[in-house]
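Peer 1: need coordinates for the following:
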Amino acid sequence: MKDDIEPWPAVVTVPADPAEPPSPALSAHLERLTERARDYIDAASSVNTRRAYASDWRHFSGWCRRQGLEVLPPSPQIVGLYITACASGAALPGNKPNSVSTIERRLSALTWNYAQRGTPLDRKDRHIATVLAGIRNTHGAPPRQKEAVLPEYLIAMLETLDRGSLRGLRDRAMLLLGFAGGLRRSEIVGLDLGRDQTEDGRGWVEILDRGMVVALRGKNGWREVEIGRGSSDTTCPIAALQTWLKLARIGHGPLFRRVTGQGKDVGPERLNDREIARLVKRTALAAGVRGDLNEGERGGKFAGHSLRAGLASSAEVDERHVQKQLGHASAEMTRRYQRRRDRFRVNLTKAAGL
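Peer 2: All right, here's what the predicted structure looks like:
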């Protein structure tokens, strides 16, 4: 993204008129401030968000180029035609129609990219807002939720991992920590052993006698997650993490790293968050979870969010505790993660006298 967008002044400004003397270069102090400002721009959104926005901008730019249209300045009419093409499957040859959620994300990406270029796009313009409302009414569908990894599923998934290998110990710790903490996949791999140990870290852990405190930096600021010890070492996330750290000889930096050298060495690099989604899917299939479905259907049911949904669906405590653990701003968002709950605990029909 940094190469595509230049919201801050370049070091030297080349004049339009060759006879006009060039503008003076920025001082070393201003150069440092410019680089720091770019770093802050990157930090304003997650890596995954920036990656998606960059992909969506390329998608839009490619569509405009094929239609002989200009990307700049922003045109609500052109954007309205673009989201129409996305909804109808005409954005790329042979493409399937995009879902409403994908179109909304693409529109957010365009808004962000135009704002970074200092040329805001008015999403409320009728050429965009009215078309989008029609797309929602025509193609809107209930969200497809990932399957929750329930405790019995998780235990079966753990049994598929090799307890005698470093990779198996690492994967075991990631699954248990992700489930017990209700963590996002980026939060799992973003953890360091201690505070301020790496520049790309998203948090750190503090292991105590009765459990572990996880400090996390999210899009709404910092929050703390408490993870208690399990009823046995085989299902305890803290015991699993301590075993991994000890045998992998990790005393500083990222918690979860690549295992190399035929599974005998641990590299310094932090794992990519997509490894969590692959791990959940791979172990769920190996454990035969949801054996009532064929392999293709089962493969599409599980992802990184399955761990968060599993905790939300299984923890039989007051809902506000689950909401705090997941870091949700509202109870309604937490309920979206609860695949298994007593939906009729409050019976308004009987309460109304019927």
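
Peer 1: neighbouring contacts of stretch 63-83?
Peer 2: With CB atoms under 8 Å, 6 or more residues apart in numbering as the test, stretch 63-83 has contacts from 60-61, 85, 91-92, 103, 106-107, 110, 114, 117, 119-122, 125-128, 131-132, 135. Heads up, the C-betas are built off the backbone N, CA and C, glycines and all.

Peer 1: narrow those to those that are buried.
Peer 2: Neighbour-count burial (16 or more other CB atoms under 10 Å) is assigned, among those, to 60, 85, 91, 103, 106-107, 110, 114, 117, 121, 125, 127-128, 131-132, 135.

Peer 1: of those residues, which is the nearest to I250?
Peer 2: R106 (39.8 Å; CB to CB).

Peer 1: next up, identify which helix or strand the closest one is on.
Peer 2: Element membership for R106, per DSSP states H and E: helix 100-116.

Peer 1: by contact count, what packs against the next helix or strand after that helix?
Peer 2: Sequence order places helix 126-139 as the next helix or strand after helix 100-116, per DSSP H and E. Packed against helix 126-139 by the contact rule (3 or more CB pairs under 8 Å, 6 or more residues apart in numbering; DSSP states H and E) you find helix 76-88, helix 100-116.

Peer 1: for the next helix or strand after helix 126-139, list every residue counted as buried.
Peer 2: Sequence order places helix 151-158 as the next helix or strand after helix 126-139, per DSSP H and E. Using 16+ other CB under 10 Å as the test for burial, helix 151-158 gives Y153, L154, A156, M157, L158.

Peer 1: the second one: what's it in contact with?
Peer 2: By that I understand L154. L154 is in contact with L175, L176, F179, T235, G310, counting by CB under 8 Å, 6+ apart.

Peer 1: recalculate using a threshold of 10 Å.
Peer 2: Counting by CB atoms under 10 Å, 6 or more residues apart in numbering, L154 makes contact with 175-176, 178-180, 235, 280, 283-284, 287, 289, 306-307, 310-311, 314.

Peer 1: quick check: which ranges of this protein have low pLDDT?
Peer 2: Applying pLDDT under 70 to the chain picks out residues 1-26, 43-44, 143, 219, 316-317, 328, 331, 333-334, 336-347, 354.

Peer 1: longest helix anywhere in it?
Peer 2: When the chain is parsed with DSSP state H, its longest helix is helix 47-67.

Peer 1: so R163 touches D233, yeah?
Peer 2: No: with contacts counted by CB atoms under 10 Å, R163 stays clear of D233, the gap being 11.5 Å.

Peer 1: shared neighbours, these two?
Peer 2: Taking CB under 10 Å, 6+ apart as the criterion, R163 and D233 both touch T243.

Peer 1: quick one on the thing from earlier: mind giving me a markdown table with the buried residues of helix 151-158 and columns for distance to G80?
Peer 2: As requested, these are exported to a markdown table (distance: CB to CB, whole Å):
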| residue | distance to G80 |
| --- | --- |
| Y153 | 44 |
| L154 | 46 |
| A156 | 49 |
| M157 | 46 |
| L158 | 50 |
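
Peer 1: closest one to G203 out of these, please.
Peer 2: L154 (22.3 Å).

Peer 1: that'll do, ta.
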